[in-house]
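1. got a predicted structure here, sequence first:
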Amino acid sequence: MNEAYKEMAGRLIVALDYPDAHQAKALLQELEGIPCYMKVGMQLYYAAGPDFVRDLKTRGYKVFLDLKMHDIPNTVKGGAESITRLGVDMFNVHAAGGSEMMKAAMEGVDKALQSDASLRKPLVIAVTQLTSTGQDMLNQEIGIPGTVQDAVIRYAELTQAAGLDGVVASAQESGMIAEACGKDFVTVTPGIRPAGSDQGDQKRVLTPGEAIRGGSTYIVVGRPITGSEEPRAAAESIIKEMLNA
Ligand SMILES: O=C(O)c1cc(=O)[nH]c(=O)n1[C@@H]1O[C@H](COP(=O)(O)O)[C@@H](O)[C@H]1O
């Protein structure tokens, strides 16, 4: 396994969206040896809890705990403290919770780090606009005027000012975010669809190659891998497309 492959595989975050640990572990077995990042979201976390996260860490994976916290600042501070104690590498909150809430998340992280020197600081990122949100939904349902891109940039700037490490957005916006917030500001981009695959509920999509060329730091891929008849081949093909981008 060469260094370029390792580096690129580490930028692929596989979404373990399964109803139980048993099914998630079957995928881990399929993908064994591929040094990708693993994401635990609500479906799996609410079923399998912190034990599953610890299991992933024991197996040597980098872990993104995607619980999208959005609550009053004090509650998010406590949540961030507990998540940091779990030893995850990345977690997220909703930027729509506002800057006081995002700063409270960072205070929670600091509190955990101060209490246990063995912990490392996780990347803390904020969801800007979900990749399932399109232009009409933003304006007519959510009630935010202007373009999706403007709304994403506004939240990205708010997130950076609150001291977080980056944002979740569509890969369509990675370039604009880098322009507004700098290249070191992390962009985590779901809504990734290899050419010809089913878009499902995602509205703002790009292919793995387009996302890497556009400057995404990480891409998040779920169903194109988990729903494939051959998940390992699907993951390898995505990494190859990333390497060729
Ligand atoms: O925070 C996320 O990870 C996330 C944010 C977002 O805006 N859109 C989005 O799809 N996600 C997550 O990324 C994954 C995408 O999965 P697929 O659509 O199956 O590839 C899911 O686990 C979503 O929960």
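-> Good, I have the coordinates. Quick caveat, the model's predicted, so the values are computed rather than measured.
2. and the residue of the chain found nearest the ligand, how far from residue 127?
-> Minimum separation of the chain from the ligand (CB to the nearest ligand atom) falls at residue 222, amounting to 2.6 Å. All C-beta spots, glycine's among them, are computed from the backbone N, C-alpha and C. Distance of residue 222 to residue 127, given as CB to CB, to the nearest Å: 15 Å.
3. quick one, which of those two is more surrounded?
-> Each of residue 222 and residue 127 has its neighbours counted (other CB atoms under 10 Å); residue 127 has more, 23 against 19.
4. center of this structure, which residue is that?
-> residue 188 (5.1 Å; CA atoms, centre = their mean).
5. shouldn't that residue be within a strand?
-> Yes - counting by DSSP: H, G, I helix; E, B strand; the rest coil, one finds residue 188 located in a strand.
6. quick check: it touching residue 217?
-> Yes - using CB atoms under 8 Å, residue 188 makes contact with residue 217 at a distance of 6.7 Å.
7. need the residues touching each of these two.
-> residue 166 (CB atoms under 8 Å, 6 or more residues apart in numbering).
8. what's the burial count for residue 158?
-> 18.
9. oops, could you answer that again for residue 196 instead?
-> There are 7 residues near residue 196, going by other CB under 10 Å.
10. any figure for the gap between it and residue 207?
-> 10 Å.
11. also residue 181?
-> 24 Å.
12. again with residue 99
-> Residue 99 is 34 Å from residue 207, by CB to CB.
13. neighbour count: the two, which is higher?
-> residue 207 (21 against 16).
14. verify the stated contact: residue 21 with residue 44.
-> Yes - with contact defined as CB under 8 Å, residue 21 reaches residue 44; the gap is 7.4 Å.
15. more crowded one of these two?
-> residue 44 (23 against 17).
16. so in the chain, which strand runs the longest?
-> If each strand of the chain is counted by residues according to DSSP state E, the longest one is strand 63-69.
17. return the set of buried residues in whatever helix or strand comes next after it.
-> Counting by DSSP states H and E, the element after strand 63-69 in chain order, helix or strand, is helix 73-85. Across helix 73-85, burial judged by 16 or more other CB atoms under 10 Å covers 73, 76, 77, 78, 79, 80, 81, 83, 84, 85.
18. for stretch 206-215, same thing?
-> For stretch 206-215, by 16+ other CB under 10 Å, it's 206, 207, 208, 209, 210, 211, 212, 214, 215.
19. show me those residues that map onto strands.
-> Using DSSP E, none of the buried residues of stretch 206-215 sit in strands.
20. most widely separated two among those?
-> 207 and 215 (14.3 Å; CB to CB).
21. ok, so of the buried residues of stretch 206-215, who is nearest residue 121?
-> Closest to residue 121, out of all of those and judged by CB to CB, is residue 215, at 23.5 Å.
22. what sits against the spatially closest residue to residue 81 that is not a sequence neighbour?
-> Closest residue in space to residue 81, ignoring its immediate chain neighbours: residue 108 at 3.9 Å, by CB to CB, 6 or more residues apart in numbering. By CB under 8 Å, 6+ apart, the contact set of residue 108 is 76, 77, 78, 79, 80, 81, 82, 83, 84.
23. 7 Å - rerun?
-> Counting by CB atoms under 7 Å, 6 or more residues apart in numbering, residue 108 makes contact with 76, 77, 78, 79, 80, 81, 84.
24. in the strand or helix carrying it, what's buried?
-> Element membership for residue 108 (DSSP H and E) is helix 99-115. Within helix 99-115, the residues scored as buried using 16+ other CB under 10 Å are 99, 101, 102, 103, 104, 105, 106, 107, 108, 109, 112, 113.
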